[in-house]
Structures are given as structure tokens and as C-alpha cells.
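In: From the sequence below, what's the structure:
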Amino acid sequence: MLFSRKAGDWKAVRQEEKKYKKRGCLIYLTILLVWAPPVYPKYGGGDGSAGNPYQIYSPAEMVQIGDNSEDWDKSFVLMSDIDMNDYNIPGEFPIIGHMQWDPYISLPFTGIFDGNKKKITNLTVSQIGHDFTGLFGYVYGDSALIKDLTLINPKINGMASMYTGSIAGRLRNATISGCKISGGIIRGTSNVGGLAGYNLNGSITNCIVETTVYGSSSAGGITGYNCGNRIENCSFSGTLSGTRDLGGITGENDGQIVNCFATGNITGAEDKTAGLAGTSRGLIKCCYSKANVTGHQQAGGLVGRNSGSIYDSYSHGIIKGSYCVGGLVGLLYEGGTISRCYSVCDVDANAEQRGSITGLVESGFAWASIAPDNFQVSDMMTENIYKMAGWEFAGETENSGNNPWTICEGTNYPRLSWEKPIAGDWACPDGVDIYDIALLAENWMKRRYSADLNFALGDGIVNLKDWAIFSKAWKTKKSVPYWNARCDIWPDSGDELIDIMDVYEFMDRWLTNGANEFDISARTFRPDQIINFYDFTAAADNYQKN
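Out: You can find the predicted model right below:
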């Protein structure tokens with residue numbers, strides 16, 4: 001058709017050419033639109049920048065991070081809780097961030113992973129015979145950050161290798177903050193930590209680890225080895241076992257451990273086993289351990305072998321070993337110092353070279369540090385004994401420090417101010433006990449926690465309030481604080497002691513009409529001639545309060 005024009009009709013020919021070119025372009029574009037593969041957003045959204053991080057919604061997207069090393073300098077945010085059991089991973093989980101020695105390859109994670117206070121459950125990582133094992137194998141750089149992430153029931157296996165941790169195998173110049181590990185098990189050979197295997201000039205803050213850790217050497221509840229920077233406001237609770245250099249916070253410490261604590265059971269087959277650090281050449285300040293420690297040589301409530309400095313700390317546990325066993329430190333050497341520290345540990349009486357403060361001092365000194373040999377154990381439950389030594393407590397105005405400590409006078413040893421009470425621990429945070437039941441009873445069915453119960457007017461009901469009054473006086477005698485003669489209801493004439501016999505008498509009249517002598521709250525407010533839950537509430541209000 002194009003060549004059917006008369007010769008010389010070039011204008012018409014050109015018009016036909018333009019028409020067909022346009023038609024051809026339209027056909028080509030149509031083919032592209034129909035056959036081109038769809039373009040999906042990477043991960044669950046975002047572009048990987050700090051302001052618009054890649055969004056992670058699923059186990060598959062977590063695996064995708066590990067498979068794409070070109071993204072290891074990007075930012076990520078976890079958008080929902082993830083159960084890794086929901087994804088059938090072919091082979092092993094692809095660890096995020098990698099390093100190897102021979103040949104030397106360094107591909108660390110240098111970006112940001114914001115856990116967004118979400119959880120990853122049932123993460124399993126196994127890398128036997130290869131170093132740098134964890135969710136992140138190697139995290140490096142001043143801007144690298146992992147924060148606000150919780151791992152539930154992680155199973156991390158780095159046996160026959162170095163640098164194993166639940167979140168990071170090795171942390172260098174980077175930060176882990178606000179993370180929590182709950183349950184699971186972390187196993188490795190050396191430099192094994194509940195959170196990070198090896199911390200080189202990194203920062204670990206505000207983390208809680210509750211898990212089981214096993215490492216042959218240099219193993220700890222938070223890190224296996226802490227070198228150069230700070231672990232602060234962290235805690236470990238669980239079981240730690242291995243051979244040597246084992247500690248509830250770190251196996252070896254060449255940095256700073258501040259405002260941390262450890263509880264649970266720590267067991268070492270050989271030397272340098274302790275509640276906080278197996279070996280410390282750095283600083284430990286404002287920390288405590290309530291862990292039970294079993295070692296062989298150089299076992300301590302806080303440190304197994306110390307050549308560093310320990311300030312304003314205490315230990316309270318059972319410490320067992322055969323040689324160099326101390327309530328605070330097993331072996332003090334190379335100029336190590338212990339200052340303003342306390343111990344109420346039960347130290348193995350059969351150990352050679354044992355002591356309530358140190359097992360053996362080769363070089364160094366301990367000053368202003370005391371143990372039960374010098375005072376009553378009950379003294380350690382009073383704020384004054386610590387303040388006299390220079391400790392700083394929350395609410396003080398006479399010092400310019402951080403005031404890291406708090407205490408429930410007469411009921412518990414000092415605790416760190418940052419510790420959050422567990423659910424239901426409303427009364428003087430030291431565990432959920434009868435105090436908290438009392439507060440619950442006091443405010444039962446009230447819209448405001450501090451509701452005015454308006455006892456003076458009376459409501460014609462005897463309920464838990466009577467029990468609260470009774471319990472406040474429990475185990476008291478006449479002329480001591482909280483004595484209440486109204487609660488001395490057995491025998492009839494009273495015996496000037498509130499004890500179990502009064503409880504029996506009280507319960508015999510429980511919900512009994514007309515038992516006015518046992519209607520304790522009625523003696524203060526309006527009688528209602530029945531013993532019931534109103535009386536119980538009254539007692540629970542102050543049960544064994546100090």
C-alpha cells in the first residue's frame with residue numbers, strides 16, 4: 001500500500017511512513033505491557049534508607065536479608081512478630097553479615113535493624129566449624145545498630161568455632177540496645193555470649209537475657225568477651241556452663257560493666273568462674289550478682305580473677321570451689337582493687353584459700369568492703385549502710401551522680417533503679433508477694449488505683465479490709481512497730497503476740513454473723529456483724545508491711 005502511490009507523490013508516502021511508525025510503537029509498547037514481568041517492591045516496602053527503611057513482615061523477608069549482601073549497609077524495620085517455624089528454609093538460615101579468615105573476607109552488616117519492639121520466635125542457626133554465628137554473624141561500624149528486638153526460644157549452635165551469640169557473633173564499634181532474649185540455648189566453643197559472642201569497642205545497653213549458654217572458654221550471659229567499651233543496664237538470668245573464664249555478664253572483661261546484674265546458676269569445670277566475669281582486667285561498677293557459682297579454681301561471687309577495679313557492688317549466692325574461692329573475688333592479683341563492696345555469700349567451707357571477700361590476694365587491695373563477719377546480714381537490707389560507704393540511691397539530692405540504686409528497706413538487698421518490676425509487683429518492687437495482693441485487694445473494683453475507699457463512713461459490709469488490718473500486725477509483739485491490740489484475738493484475754501493461733505481464731509469466725517470481736521474493721525469503722533471478705537481486704541492492705 002505504501003508503494004501504490006503515483007510516482008513523485010512523496011508527500012503522501014511520508015505521511016504513510018509516519019502513520020506506520022506510530023502504529024509500530026504502539027504495538028511494541030503493548031507487547032511490553034503484556035509480557036514484561038511485574039515489578040514488586042523489595043522486601044515488604046521501603047527503600048532501605050534511614051528515613052524509609054525496608055519493612056520486614058515475614059520469615060521469608062528475614063531470609064531475603066541474609067541472601068542479599070548488597071543490602072547489609074541498609075536500614076530495616078521489623079513490622080510484625082515472626083515465627084521462623086512458619087517458613088521452610090531450604091538448608092541453613094543465611095546469617096546476616098559475614099567474615100572469614102582464610103581466605104580473608106569481610107562483609108559485615110553495617111546498617112540498622114530496628115526490631116520495633118517485635119519478636120522473632122524459634123530462630124535456628126547452626127554453623128558448626130565456622131566462625132561468626134548468630135542472627136547477625138558480624139556487625140561493624142559506628143553507625144551499625146541493632147535495637148528493640150526480642151528473640152524467643154532461639155537455638156544457636158556454633159560448636160567447634162569462635163564468636164557465637166544469639167543476636168551477633170561479633171560486634172565491633174557497633175551498638176546493640178533494648179534487646180531481649182527469652183528461652184532457647186546458645187552453644188559454642190570460645191567467645192560465646194547470650195547476646196553477642198565478642199564485643200570489640202562496641203556498646204551493649206538496656207538488654208535482658210534469660211536463656212541457657214554453653215561455651216568451653218570465654219562464655220558469658222551477655223558476651224563471651226567484652227573488650228574496650230561498655231555493657232550497661234543489662235541483666236542475665238539463666239544457666240551458664242563451660243570450662244573456664246565464665247561469668248554471668250561476660251567471660252572476660254577488658255572494658256566496662258556498669259549497672260548490671262546476674263542471677264541463676266554458673267558452673268565451670270576448671271578455673272575463673274564467677275557471678276559477673278570469669279576474668280576482669282577492666283572496670284565493674286554498681287553491679288550485683290545473686291547467682292550460685294560452682295567452679296574449681298578461682299571462683300568468686302563477682303569475679304574469678306580480678307586485676308581491674310570493682311566499685312559499689314555486692315554478691316549474694318552460694319560459691320563453691322576447691323582453691324581460691326571468695327565471696328567477691330577468687331583471686332586478686334596484679335594490683336586489682338575492690339572498693340566499697342559487700343558480700344553475703346555462702347562460701348565453700350572446704351575450699352583451700354577461701355574468704356568472705358577474696359580467696360587469695362597476690363597483689364592488690366580491698367578497702368571499705370565488708371562481709372557478714374563484720375555486721376549482721378540484716379544490715380545489708382538497710383539503705384544507710386550503703387550510703388555511709390558512698391553509694392548513691394534514687395531520690396537523693398545531695399549528690400550529683402546517676403543514683404543507680406534503690407532498696408526496699410528491711411525486705412531485700414539493693415536493686416538497680418532501671419529494673420522494671422514484673423507485672424503485679426506494685427508494692428516496693430522486689431517480687432510479687434503478699435504486699436501486692438494487699439494492694440490489689442485495697443483497690444479491687446476501683447476505677448482509680450489511688451481511690452479513696454471512704455472507710456470512715458462504713459458501707460455495711462465486712463470484707464477483705466479486716467484481713468488487711470490483721471495481717472499488718474502479723475508476727476508483731478506489743479511495743480513494736482505495727483502492733484495492734486485489736487488483732488490479738490486469742491486467747492480471749494490476748495497474749496500480746498499476733499501469731500497463727502489468732503489466724504485460727506479468725507478463720508473459725510469467717511463469714512459468721514454476730515462475731516463482732518473478730519470484725520476487726522468494724523472496731524475502727526461501723527460494725528456490720530459479719531466476718532467476710534471485707535475483713536480479708538482490710539488485713540491484706542498491710543500484710544507484713546515494713
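In: CA only for contacts and neighbour counts going forward, please
Out: Fine.
In: Next, the contact list for residue 86, please.
Out: residue 59 (C-alpha atoms under 8 Å, 6 or more residues apart in numbering).
In: you'd agree residue 386 is in a strand?
Out: No. Counting by DSSP: H, G, I helix; E, B strand; the rest coil, residue 386 falls outside a strand, being helix.
In: and it, what pLDDT?
Out: We have a pLDDT of 87 for residue 386.
In: cool, residue 356 as well?
Out: On pLDDT, residue 356 comes in at 86.
In: Hmm, residue 343 and it touching each other?
Out: Yes. Using C-alpha atoms under 8 Å, residue 356 is in contact with residue 343, at 6.8 Å.
In: More neighbours: which of those two?
Out: Each of residue 356 and residue 343 has its neighbours counted (other C-alpha atoms under 10 Å); residue 343 has more, 29 against 25.
In: separation between the more buried one and residue 195?
Out: 28 Å (C-alpha to C-alpha, to the nearest Å).
In: now residue 248
Out: For residue 248, the distance to residue 195 - C-alpha to C-alpha - is 12 Å.
In: which of the two has more neighbours?
Out: Per other C-alpha under 10 Å, whichever of residue 248 and residue 195 has more neighbours is residue 248, with 40 against 35.
In: And the pLDDT for the more buried one?
Out: Residue 248 is given a pLDDT of 98.
In: show me the contacts for it.
Out: Each residue near residue 248 by C-alpha under 8 Å, 6+ apart is listed here: 220-222, 236-237, 240, 261-263, 266, 274-277, 291.
In: Which of those residues sits closest to residue 61?
Out: residue 222 (27.4 Å; C-alpha to C-alpha).
In: Could you list which residues are in contact with the closest one?
Out: With C-alpha under 8 Å, 6+ apart, residue 222 has these contacts: 193-196, 209, 234-236, 248-250.
In: Now do the phi/psi pair for it.
Out: Per-residue torsions, residue 222: phi -100, psi -60 (degrees, to the nearest 10).
In: And it, what's its pLDDT?
Out: With respect to pLDDT, residue 222 scores 98.
In: can you check residue 331 too?
Out: So residue 331 comes in at 95 (pLDDT).
In: what number of residues lie near it?
Out: Neighbour count for residue 331, taken as other C-alpha under 10 Å: 31.
In: now residue 406
Out: Residue 406: 20 neighbours (other C-alpha under 10 Å).
In: same check, this time on residue 388
Out: When neighbours are counted by other C-alpha under 10 Å, residue 388 registers 10.
In: Same check on residue 290?
Out: Residues near residue 290, counting by other C-alpha under 10 Å: 23.
In: ok so, going back, list the ones among the contacts of residue 222 that fall in strands.
Out: Using DSSP state E, the subset of the contacts of residue 222 located in strands is 193, 196, 209, 235-236, 250.
In: Make CSV from the residues you listed and add neighbour count and distance to residue 499 to it.
Out: Formatted as CSV, the ones in strands among the contacts of residue 222 follow (neighbours: other C-alpha atoms under 10 Å; distance: C-alpha to C-alpha, whole Å):
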residue, neighbour count, distance to residue 499
193, 40, 49
196, 34, 52
209, 25, 41
235, 27, 39
236, 31, 39
250, 36, 47
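In: mind giving me the domain split of the protein?
Out: Using automatic domain parsing, the domain parsing of the chain gives 1-39, 434-540.
In: Which of those comes out lowest on mean pLDDT?
Out: Mean pLDDT per stretch puts domain 1-39 lowest among the domains of the chain, at a mean of 47.
In: residues of stretch 162-179 that come out buried?
Out: For stretch 162-179, a neighbour-count test (16 or more other C-alpha atoms under 10 Å) marks 162-179 as buried.
In: Out of those, list just those in strands.
Out: Mapping the buried residues of stretch 162-179 onto strands (DSSP E) picks out 162-165, 168-172, 175-177.
In: for those, which one is nearest residue 188?
Out: For those, the nearest to residue 188 is residue 164 (5.8 Å; C-alpha to C-alpha).
In: give me every residue that touches that closest one.
Out: By C-alpha under 8 Å, 6+ apart, the neighbours of residue 164 are 131-134, 156-158, 170, 186-188, 190-193, 196-198.
In: just residue 212 next, same as before
Out: Each residue near residue 212 by C-alpha under 8 Å, 6+ apart is listed here: 183-186, 194, 238-240.
In: Partner strands of the helix or strand hosting it, with direction?
Out: Assessed by DSSP states H and E, residue 212 sits inside strand 208-220. Partners of strand 208-220 in the sheet, by DSSP bridges, are strand 180-193 (parallel), strand 235-247 (parallel).
In: Any chance of TSV for these, columns distance to residue 347?
Out: TSV is the format used below for those (distance: least, C-alpha to C-alpha, whole Å):
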stretch	distance to residue 347
strand 180-193	27
strand 235-247	17
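In: Of the ones you listed, which is nearest residue 205?
Out: strand 235-247 (9.8 Å).
In: For that closest one, buried residues please.
Out: 235-247.
In: Is it possible to get those residues out as TSV so that each row also shows distance to residue 214?
Out: Shown next, in TSV, are these (distance: C-alpha to C-alpha, whole Å):
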residue	distance to residue 214
235	17
236	14
237	14
238	11
239	8
240	6
241	5
242	6
243	9
244	11
245	12
246	9
247	11
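In: ok, of those, which one's closest to residue 415?
Out: Comparing those against residue 415 with C-alpha to C-alpha places residue 235 closest, at 11.7 Å.
In: partner residues bridging that closest one?
Out: Residue 235 has these beta-bridge partners by DSSP bridges: residue 208, residue 261.
In: What is the burial count for residue 122?
Out: Neighbourhood size, residue 122 [other C-alpha under 10 Å]: 18.
In: Kindly provide the distance from it to residue 187.
Out: Applying C-alpha to C-alpha, the value for residue 122 to residue 187 is 15 Å.
In: Please apply the same query to residue 225.
Out: To residue 187, residue 225 is 15 Å away according to C-alpha to C-alpha.
In: Pick out whichever of the two has more residues nearby.
Out: More neighbours surround residue 225 than the other of residue 225 and residue 187, with 34 against 28 (other C-alpha under 10 Å).
In: how big is the angle separating the helix or strand hosting the more buried one from strand 235-247?
Out: Residue 225 belongs to strand 223-227 when assigned by DSSP H and E. Calculated by axes from the mean of the first three to the mean of the last three C-alpha atoms, to 10 degrees, strand 223-227 forms an angle of 70 degrees with strand 235-247.
In: what's strand 223-227 packed up against?
Out: The contact analysis (3 or more C-alpha pairs under 8 Å, 6 or more residues apart in numbering; DSSP states H and E) places strand 223-227 against strand 180-193, strand 196-200, strand 208-220, strand 250-253.
In: Quick one: residues in contact with the second one.
Out: With contacts defined as C-alpha under 8 Å, 6+ apart, strand 196-200 is touched by 162-173, 191-192, 219, 222-229.
In: Count residues in the vicinity of the residue nearest to residue 44 when sequence neighbours are not counted, would you?
Out: Spatial nearest neighbour of residue 44, excluding adjacent residues (C-alpha to C-alpha, 6 or more residues apart in numbering): residue 55 at 4.8 Å. The tally of other residues near residue 55 (other C-alpha under 10 Å) stands at 22.
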